[in-house]
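> pasting the sequence and the predicted model now:
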Amino acid sequence: MSEGKFQIGLIQMDSGDQWEGNRKAAARYISQAAEAGASLVIFPETVDYIGTDFRGSAAEVPGPVTDFFREQAVKYGLYLHCGSITERVPGSLPKNTSLVFGPDGTILGRYSKLHLFDVELEEGPSYRESDDVTGGEDICLVKTPLCTMGLSVCYDMRFPELYRLMAGHGAQLLVNCANFTANTGKDHWEPLLRARAIENTCYVAAVGQCGRKPKFQAWGHTMLVSPWGEVIAALENEPGVLTGEIDLGKLEQVRRQIPSLKNVREDVYRLESRRMKVYPEVM
Ligand SMILES: O=C([O-])CC(=O)C(=O)O
């Protein structure tokens with residue numbers, strides 16, 4: 001790995017309702033990503049379970065499911081974002097929670113999906129994620145020796161203020177782990193990802209679920225986008241590993257050309273975060 005450059009491995013999964021099968025697939029893909037030289041591996045949303053009983057499947061975080069990911073991070077000596085897990089929350093609905101592990105197994109960051117997918121589509125079912133899940137409370141930035149990551153999950157992608165806040169606080173890589181619907185994804189997925197990359201001059205790593213889910217067809221199309229907005233690499237709708245290079249030198253080059261993060265008119269308008277957590281926690 002040369003200065004400011006590293007390989008990232010994005011793992012597109014077709015998770016079902018059996019953790020054992022999902023775990024075996026995850027183990028296989030992570031070994032492929034490590035073999036391809038990835039220093040950071042990222043999984044998609046609800047990696048451990050996709051079925052009809054999210055509440056029943058909820059697990060402790062950290063707990064046995066996330067222990068698997070921690071062990072894999074240590075085994076291969078890499079940074080690992082576990083996608084998200086349905087987190088059991090005593091006395092409340094579960095949360096949709098991500099953990100980031102360091103190569104020594106330390107938890108470096110924790111984020112729960114803020115925006116819940118409560119929508120009515122004309123040509124498709126309606127979704128009420130808030131019937132099953134409760135939203136998180138904090139924005140999450142994770143500083144690692146590789147880069148600074150801003151975390152998000154799926155529908156969060158439609159809320160540009162979240163990403164601008166994370167970029168304004170130092171994010172270089174905006175991560176979205178998703179289980180996007182094909183109905184919306186065919187028109188919205190790529191434009192949203194490229195817009196978040198361009199407007200924030202950040203890399204975007206968006207890691208999807210693929211295949212048929214109980215309520216919808218998942219869109220897949222895991223994608224790595226450059227700070228200039230180019231699609232560096234993408235998958236279609238099969239499970240697998242997408243690898244690509246993150247080059248912070250290129251990011252700086254784009255920011256020198258288009259310093260939009262600096263050209264903000266704070267005298268006219270201002271975005272404010274009430275709850276920003278920066279990991280390792282310094283605030
Ligand atoms: O499932 C989600 O959270 C988001 C999604 O498909 C969309 O925004 O179209």
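Sure, I can see it. Numbers count the residues shown, from 1 in each chain.

> from memory E45 sits against G83, does it?
Yes: using Cβ atoms under 8 Å, E45 is in contact with G83, at 5.9 Å. From N, CA and C alone the C-beta is placed, and that goes for glycine too.

> shared neighbours of these two, anything?
C177 (Cβ atoms under 8 Å, 6 or more residues apart in numbering).

> more neighbours: which of those two?
Shown here are E45 and G83; by other Cβ atoms under 10 Å, G83 has more neighbours (29 against 26).

> who's in contact with the closest residue to the more buried one other than its chain neighbours?
If the residues on either side of it in the chain are set aside, G83 comes closest to F43, at 3.1 Å by Cβ to Cβ, 6 or more residues apart in numbering. With contacts defined as Cβ under 8 Å, 6+ apart, F43 is in contact with I11, M13, A26, F69, L80, H81, C82, G83, C177, V207.

> try it again at 6 Å.
Residues in contact with F43 (Cβ atoms under 6 Å, 6 or more residues apart in numbering) are I11, C82, G83.

> how about G91?
Contacts of G91 (Cβ under 6 Å, 6+ apart): none.

> confidence score at it?
Here, the pLDDT recorded for G91 equals 94.

> next up, phi/psi of it, please.
Phi and psi for G91, reported as degrees, to the nearest 10, are phi 70, psi 10.

> now G37
Dihedral angles for G37 - degrees, to the nearest 10 - are phi 90, psi 10.

> neighbours around it, how many?
G37 has 14 neighbours, counted by other Cβ under 10 Å.

> that one contacts F6, doesn't it?
No: with contact defined as Cβ atoms under 6 Å, G37 does not reach F6; the gap is 8.7 Å.

> give me the contact list for stretch 209-227.
Identification of contacts with stretch 209-227 by Cβ under 6 Å, 6+ apart yields 10, 12-14, 44, 50, 52, 125, 179-182, 185, 189, 193-194, 197, 201-208, 231-235, 237, 242, 244, 251, 254.

> tabulate the CA atom coordinates of the longest helix seen in the chain in PDB.
Ranked by residue count, the top helix of the chain under DSSP state H comes out as helix 182-200. Extracted in PDB, the C-alpha atoms of helix 182-200 (Å, rounded to 0.1, in the frame of the first residue of the first chain):
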ATOM      1  CA  ALA A 182     -35.200  -2.500  -7.700                       C
ATOM      2  CA  ASN A 183     -38.300  -0.300  -8.200                       C
ATOM      3  CA  THR A 184     -36.500   2.700  -6.900                       C
ATOM      4  CA  GLY A 185     -32.900   1.600  -7.600                       C
ATOM      5  CA  LYS A 186     -33.300   1.400 -11.400                       C
ATOM      6  CA  ASP A 187     -33.900   5.200 -11.500                       C
ATOM      7  CA  HIS A 188     -32.400   6.600  -8.300                       C
ATOM      8  CA  TRP A 189     -29.400   4.500  -7.100                       C
ATOM      9  CA  GLU A 190     -26.600   5.600  -9.400                       C
ATOM     10  CA  PRO A 191     -27.700   9.300  -9.600                       C
ATOM     11  CA  LEU A 192     -27.900   9.600  -5.800                       C
ATOM     12  CA  LEU A 193     -24.500   8.000  -5.300                       C
ATOM     13  CA  ARG A 194     -22.800  10.100  -7.900                       C
ATOM     14  CA  ALA A 195     -24.500  13.200  -6.600                       C
ATOM     15  CA  ARG A 196     -23.300  12.600  -3.000                       C
ATOM     16  CA  ALA A 197     -19.800  12.000  -4.400                       C
ATOM     17  CA  ILE A 198     -19.700  15.100  -6.500                       C
ATOM     18  CA  GLU A 199     -21.300  17.600  -4.200                       C
ATOM     19  CA  ASN A 200     -19.100  16.500  -1.300                       C
END
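
> output the contacting helices and strands for it.
With contacts defined as 3 or more Cβ pairs under 6 Å, 6 or more residues apart in numbering; DSSP states H and E, the packing partners of helix 182-200 are helix 160-168, strand 203-208, strand 217-219, strand 223-225.

> 8 Å instead, please
helix 160-168, strand 173-178, strand 203-208, strand 217-219, strand 223-225 (3 or more Cβ pairs under 8 Å, 6 or more residues apart in numbering; DSSP states H and E).

> buried ones in it?
For helix 182-200, burial by neighbour count (16 or more other Cβ atoms under 10 Å) applies to 182-185, 189-190, 192-200.
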